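Peer 1: Okay, sequence plus prediction incoming.
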Amino acid sequence: MKAKKTKGFKKNLSFYRINFSFQPPYQLVFDGNFIKQMLDHNVDLDKQLFKHTKAKIWKHTTICVLRELTSLQHLFPRVFKYAQGLSKINCKHIEGVSPAECLLDIVKPKPEFGGDNNYFWICTQDDELRSNLLQIDHVPVCYLFQNNLFEMAEPSRTCKMRIKSLKEIKYLPNEQEKQIIMPIKKEIKQQQAEKRMEKERKLAQELAIKIKKPAKGPNPLSVKKKLGKVTKSIKKRRHKIKNKKSRRSNKQGVNNEIIEQNS
Ligand SMILES: [Zn+2]
């Protein structure tokens, strides 16, 4: 189970690397419940992440997450202390919003940052937040699987479909390219058709030879010869019989002469 999940992590990470240009050092953003889970189960996150990525990691939280943890520090002092030690992303939520709203907002490309992706991985144990984040294509969403195994969620189906269609559009030729490609395609098709016809012609010729041979097969002359042989042998036999008969008659003639002479 562990090996399978690790393979899933690598597969999902390479999807984001290839399609959304995620590069190390990776920027991880934690919410309160992720930190709590990690501390409760003594997860050695640095070790796991290095094993998965072989790359440098930067760990962050946001001002809004820290604000919430400050209000709960009497209940979760370890979580608060850990969050305090992380670098803080200035989410610019002056009034303060819930951690879920804050995290959903910081992953959206901002015009003030040139509209670029900010390449954050969001780490949360909140199922609802996780599914909302997965609706934004370019956000890797991470969590602790079975309490202690760091995992990256599989990109959503719609995200995969969008990437697939984008790739198809990217690799399809534009109008100008089509004008260059069309005559070449036509020529190739024609050449292929000619080759095919030539092949078929050769095959037909070969077949014609093959058909002719068996037609020649039963040689009428040889049949005649055989018949001749038969007639010859019949003739021979007849001749032999004739000879025998004549010899017998000759013998008889001689005998008759002797009898006549003796008498
Ligand atoms: Zn915020």
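Peer 2: Sure thing, it's come through.
Peer 1: ok, and for stretch 151-160, which residues are buried?
Peer 2: By neighbour count on 16 or more other C-beta atoms under 10 Å, the buried set for stretch 151-160 is 151, 152, 153, 155, 156, 159. (Each C-beta comes from the backbone N, C-alpha and C, glycine too.)
Peer 1: Ok, stretch 188-199 next?
Peer 2: Per 16+ other C-beta under 10 Å, stretch 188-199 contains no buried residues.
Peer 1: and residue 17, helix, strand or coil?
Peer 2: Assigned with DSSP: H, G, I helix; E, B strand; the rest coil, residue 17 falls in the helix class.
Peer 1: thinking again about what came up before, which members of the buried residues of stretch 151-160 are the farthest-apart pair?
Peer 2: Greatest spacing in the buried residues of stretch 151-160, by C-beta to C-beta: 151 and 159 (17.2 Å).
Peer 1: Helices - which of the buried residues of stretch 151-160 land there?
Peer 2: Those of the buried residues of stretch 151-160 mapping onto helices are residue 159, per DSSP state H.
Peer 1: In JSON lines: the buried residues of stretch 151-160, plus distance to the ion and pLDDT.
Peer 2: Output for those, formatted as JSON lines (distance: C-beta to the ion, whole Å; pLDDT from 0 to 100):
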{"residue": "151", "distance to the ion": "25", "pLDDT": "93"}
{"residue": "152", "distance to the ion": "23", "pLDDT": "94"}
{"residue": "153", "distance to the ion": "22", "pLDDT": "94"}
{"residue": "155", "distance to the ion": "25", "pLDDT": "92"}
{"residue": "156", "distance to the ion": "24", "pLDDT": "90"}
{"residue": "159", "distance to the ion": "24", "pLDDT": "89"}
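Peer 1: Can you add distance to residue 194 and give the buried residues of stretch 151-160 back as JSON lines?
Peer 2: Listed next are the buried residues of stretch 151-160 as JSON lines, based on distance: C-beta to C-beta, whole Å:
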{"residue": "151", "distance to residue 194": "58"}
{"residue": "152", "distance to residue 194": "54"}
{"residue": "153", "distance to residue 194": "55"}
{"residue": "155", "distance to residue 194": "48"}
{"residue": "156", "distance to residue 194": "50"}
{"residue": "159", "distance to residue 194": "47"}
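Peer 1: So which residues make contact with the helix or strand where residue 131 lies?
Peer 2: Assessed by DSSP states H and E, residue 131 sits inside helix 127-134. Here helix 127-134 makes contact (C-beta atoms under 8 Å, 6 or more residues apart in numbering) with 31, 100, 103-104, 107, 122, 124, 139, 141, 143, 153, 155-156, 159.
Peer 1: what mean pLDDT does it have?
Peer 2: Averaging pLDDT along helix 127-134 gives 95.
Peer 1: cool, stretch 48-62 as well?
Peer 2: Stretch 48-62 shows a mean pLDDT of 91.
Peer 1: and what of stretch 72-91?
Peer 2: 95.
Peer 1: End to end on that stretch, go ahead and measure it.
Peer 2: One end of stretch 72-91 sits 20 Å from the other (C-alpha to C-alpha, to the nearest Å).
Peer 1: just how off-centre is it within its chain?
Peer 2: 46 Å (C-alpha atoms, centre = their mean, to the nearest Å).
Peer 1: name the element residue 43 belongs to?
Peer 2: Counting by DSSP H and E, residue 43 is part of no helix or strand.
Peer 1: picking up where we left off before, closest to residue 45 out of the contacts of helix 127-134?
Peer 2: residue 143 (12.0 Å).
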